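In: Predicted structure and sequence below. I'll ask about it afterward.
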Amino acid sequence: MDSVTLLALFAIVIVLLFDYTNGFHDAANIIATVIASRAMQPISAVVVVSLFEFLGPLLGGTAVANTIGKFVDLSGMPGSLSLTVLVSGLAGAIVWNLFTWWRGIPSSSSHALIGGLVGAVVLAVGGEHVVWGFVELCHGHVTGVMKVILALILSPLVGFGVGYLLHTVARYAFRAAHPRLNRHLRLGQYLTAAGLAFSHGANDAQKSMGILTLALLLGGFIPSFEVPFWVMLACATALTLGILSGGWRIVRTLGFAIYKVRPLHALDSQLTSAGVIFTASLVGAPVSTTHVVATSIMGIGASEHPRAVRWGKAREIVTTWLITIPASALVGAIVYALIFAILNRGQT
């Protein structure tokens, strides 16, 4: 077995490991409001969410995978070099995911993936191999890194705005409702949490699907960039296993540290997040579930009691969002430098 094949197989393992950490890291995003509003017990929430997380990648199409798989240009490079770059970028994303999970910070796995790959590519072969998309944007065409960044910037704003409006309407509609309504709102969260899990799976697993397909292409296993069914199945499985493991540290941040979540807040947050994320999946825009869920809670809180929103915690989360891409890019570059040094040392 030659070195390119070995690297390709190693890259596949690393992609699936990233997908697992993505699910592990993002489990809290899906179940935080369900648990905080006491709609489900943690075990029930994880089971319901895991089932629909698994279905999302299989039924959600491949538009996001196509976007993610083409924002770096590794064509024309030796197979061993391109796969080393790919592995280094993924390692950068995994390290950042684990660090932010350990600290209980709801950062973006999507940002980490983008940053890790960009950092490794720039150090290895230069910025010209990154499809930045700046020139194309000036001509009205959104592509490459700009498409990813715009989606990641706009989706939290949309999440905040939709959450604010939806909760304002819901509060008015239920202004004279009896407290018994909470029981129905909790039952309704079985549907909204399932919808959020499906949309998360449809968007987030596709990021790994795109990178895994790119690894297969660079390794010479497939002739063109088309996502095989087994790749969908493998990424769906890895993401679901990560969800089952759960990221309980982040549940406390999203479910309790931003705003006191009650059944109506939780239902509105899940509806908002599911709608925004699934719409993004249909147009091929990779978004951060962490961003959308957190800002939807902020929007809901702001529509009800702005002073009750813990904006200090919100600022902490936003700061983490801002540093995730450069931090994971630095880690991706460091990993590549280490691998390069080890390989060169072995040749001397």
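Out: Looks like it arrived, so ask away.
In: okay, CA-based contacts and neighbour counts for the rest of this
Out: Noted.
In: Can you report phi and psi for the residue nearest to Val48 when sequence neighbours are not counted?
Out: Leaving aside its sequence neighbours, Val48 sits nearest to Ala194 (Cα to Cα, 6 or more residues apart in numbering; 6.5 Å). With angles defined as degrees, to the nearest 10, Ala194 sits at phi -60, psi -40.
In: show me the contacts for Ala194.
Out: By Cα atoms under 8 Å, 6 or more residues apart in numbering, Ala194 lies in contact with Val48, Val49, Phe52.
In: Do you know the pLDDT at it?
Out: Here the pLDDT value assigned to Ala194 is 90.
In: Tell me where the stretch 51-200 of the chain has helices.
Out: All helices of the stretch 51-200 of the chain, identified by DSSP state H, counting those that start in this stretch, fall at 63-68, 79-102, 109-125, 134-138, 144-173, 181-218.
In: And the second one, what's buried?
Out: Read that as helix 79-102. Under the neighbour-count criterion of 16 or more other Cα atoms under 10 Å, helix 79-102 has 79-97, 100-101 buried.
In: ditto for the longest one
Out: Of all the residues in helix 181-218, those buried under the rule 16+ other Cα under 10 Å are 182, 185-186, 189-190, 192-218.
In: so where's the chain uncertain?
Out: 1-2, 28, 106, 246-257, 313, 317, 346-348 (pLDDT under 70).
In: quick one on the thing from earlier: just the ones in strands from the contacts of Ala194, please.
Out: Judged by DSSP state E, strands contain none of the contacts of Ala194.
In: For Leu7, state which of those is nearest.
Out: Phe52 (32.4 Å; Cα to Cα).
In: Need the nearest residue in space to the closest one, chain neighbours excluded.
Out: In space, Phe52 is closest to Phe198, 4.8 Å off (Cα to Cα, 6+ apart).
In: contacting residues for the one you found?
Out: Taking Cα under 8 Å, 6+ apart, we find Phe198 in contact with Val49, Phe52, Glu53, Phe54, Leu55, Gly56.
In: Would you quantify the distance from it to Thr240?
Out: 11 Å (Cα to Cα, to the nearest Å).
In: Touching both of these two, which residues are there?
Out: Joint contacts of Phe198 and Thr240 (Cα under 8 Å, 6+ apart) are Glu53, Phe54.
In: before we move on, the earlier item: quick one: the helices of the stretch 51-200 of the chain as JSON lines, columns for distance to Val276 too.
Out: Below are the helices of the stretch 51-200 of the chain laid out as JSON lines (distance: least, Cα to Cα, whole Å):
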{"stretch": "helix 63-68", "distance to Val276": "14"}
{"stretch": "helix 79-102", "distance to Val276": "23"}
{"stretch": "helix 109-125", "distance to Val276": "16"}
{"stretch": "helix 134-138", "distance to Val276": "23"}
{"stretch": "helix 144-173", "distance to Val276": "7"}
{"stretch": "helix 181-218", "distance to Val276": "9"}
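In: And the ones you listed: which comes nearest Leu233?
Out: Nearest to Leu233, of all the helices of the stretch 51-200 of the chain, is helix 181-218, at 9.4 Å by Cα to Cα.
In: Please work out the angle formed by the directions of the helix or strand harbouring Met298 and helix 109-125.
Out: Using DSSP states H and E, Met298 sits in helix 289-304. Angle, helix 289-304 to helix 109-125, by axes from the mean of the first three to the mean of the last three Cα atoms, to 10 degrees: 140 degrees.
In: need the next SSE after helix 289-304, C-terminal direction.
Out: Sequence order places helix 311-347 as the next helix or strand after helix 289-304, per DSSP H and E.
In: Mind giving me the packing neighbours of that next one?
Out: Helix 311-347 sits against helix 79-102, helix 109-125, with contacts defined as 3 or more Cα pairs under 8 Å, 6 or more residues apart in numbering; DSSP states H and E.
In: possible to save these as CSV with distance to Gly301?
Out: CSV is the format used below for those (distance: least, Cα to Cα, whole Å):
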stretch, distance to Gly301
helix 79-102, 25
helix 109-125, 25
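In: for these, which one sits closest to Val231?
Out: helix 79-102 (16.8 Å).
In: tell me which strands and helices the closest one is in contact with?
Out: helix 3-36, helix 109-125, helix 181-218, helix 248-252, helix 311-347.
In: Quick check: next helix or strand after the longest one?
Out: Proceeding C-terminally, helix 181-218 gives way to helix 229-245 as the next helix or strand, assigned by DSSP H and E.
In: Residues touching that following helix, excluding its own?
Out: Counting by Cα under 8 Å, 6+ apart, 16-17, 19-27, 46-47, 49-51, 53-58, 201, 205-206, 208-209, 212-213 sit against helix 229-245.
In: again, only using 7 Å
Out: In this structure, residues lying in contact with helix 229-245 by Cα atoms under 7 Å, 6 or more residues apart in numbering are 16, 19-24, 27, 46, 50, 53-54, 57-58, 205, 208-209.
In: buried ones in stretch 55-75?
Out: 55-58, 60-74.
In: ok, Trp321 - how many residues close by?
Out: Applying other Cα atoms under 10 Å, we find 21 residues neighbouring Trp321.
In: I'd like to know how far it sits from Ala124.
Out: For Trp321 relative to Ala124 (Cα to Cα), the value is 25 Å.
In: Same question for Asn344.
Out: In terms of Cα to Cα, Asn344 sits 14 Å off from Ala124.
In: Give me the more crowded residue out of those two.
Out: The neighbour comparison of Asn344 against Ala124 (other Cα under 10 Å) goes to Ala124, with 18 against 10.
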